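Visitor: Curious how this folds, go ahead:
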Amino acid sequence: MASKRISEEPTYVLHRYDWSETSLILEVFTRHHGRIALVAKGAKRPTSSFRPILLPLQMLHVAYGGEAEIRTLKSAEWQGGHVMPTGEALLSGYYLNELLLTLLARDDPHPTLFDVYSQVVQVIASQHGEVLEAALRTFELLLLREIGLLPQLHVQTMTLRDLDPHALYVLVAEGGLRQAHADERNGIAGAQWERLQDALDAPMPFTPTLRASSECNAALKPQLRALLHYHCGVKTLRTRQMMIDIQAL
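Guide: Next up is the predicted model:
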């Protein structure tokens, strides 16, 4: 039986590692087929056309074939658009990639999430500071929602009671959204949680969620970080630890 061949597939490289003296294994995120593994034969050779373009945070169109768990990369074309991020922006991109590698199952398509990832990559390549932070929070929210790990943000999770617009609430790993205790510092007003839910429910959620998350980024960041660490099964993600180590230098 002829092997299945996919062509012109929008793709981002999430991670790459050596397979042999001349070849690489790629973990990639494709728009229509989700996260898959590819072998790029001969990609480490100086004359390989793969060598200069199999980079993270760069949109590619790839062709690949095979029925095994690891398919064979046939061709890859860089789609242009922006220069390679550097510094804090590059680490932020690696952080997104680590989340996808940890939380997405292979061969599980997420075209909407792929489009959000592409939008966040564009922000990473061109923005810094508050806009970059809001873009990361937006991706975290939409990723958790896409894979079914984000509770509804317009009601209290355990009781399904409506939120008081003026009361403070927190998002916790095992309890969902609940009213903040007196000693909890990162509470967010019920009205703000409702704005976040409305943004997530929008037909094209990236921009409205970016705006809504920017209004409460400082309080939202530690809550989403704790929730992601819980579901990833780690205390600190590797890229997050790298950021901490660099800032301590």
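
Visitor: How about the residue nearest the centre of the chain: what's its closest non-neighbour residue?
Guide: Centroid-nearest residue in the chain: Leu96, 3.9 Å away (criterion: CA atoms, centre = their mean). Leaving aside its sequence neighbours, Leu96 sits nearest to Phe139 (CB to CB, 6 or more residues apart in numbering; 6.0 Å). C-beta here means a position set from N, CA and C on the backbone, and glycine is covered the same way.

Visitor: Over to the one you found: give its phi and psi.
Guide: The phi/psi pair for Phe139 (degrees, to the nearest 10) reads phi -60, psi -40.

Visitor: And for it, the neighbour number?
Guide: For Phe139, the count of nearby residues is 28 (other CB atoms under 10 Å).

Visitor: how much space is there between it and Val116?
Guide: 6 Å (CB to CB, to the nearest Å).

Visitor: Can you pull the domain assignment for the chain?
Guide: Domain segmentation of the chain under automatic domain parsing yields 5-78, 87-248.

Visitor: any chance of those domains in JSON lines, with mean pLDDT too?
Guide: Shown next, in JSON lines, are these (pLDDT from 0 to 100):
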{"stretch": "domain 5-78", "mean pLDDT": "94"}
{"stretch": "domain 87-248", "mean pLDDT": "91"}
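
Visitor: for this structure, what spans make up the helices?
Guide: With helices called from DSSP state H, the chain shows them at 87-103, 111-126, 129-146, 190-200, 206-214, 217-232, 238-248.

Visitor: how about the ones you listed, which one is nearest Arg35?
Guide: Smallest distance to Arg35 across the helices of the chain (CB to CB): 6.5 Å, for helix 87-103.

Visitor: Identify each buried residue in the closest one, please.
Guide: Buried residues in helix 87-103, counted by 16 or more other CB atoms under 10 Å: 89-100, 103.

Visitor: now swap in stretch 50-57 and tell me
Guide: Within stretch 50-57, the residues that count as buried by 16+ other CB under 10 Å are 50, 53-54, 56-57.
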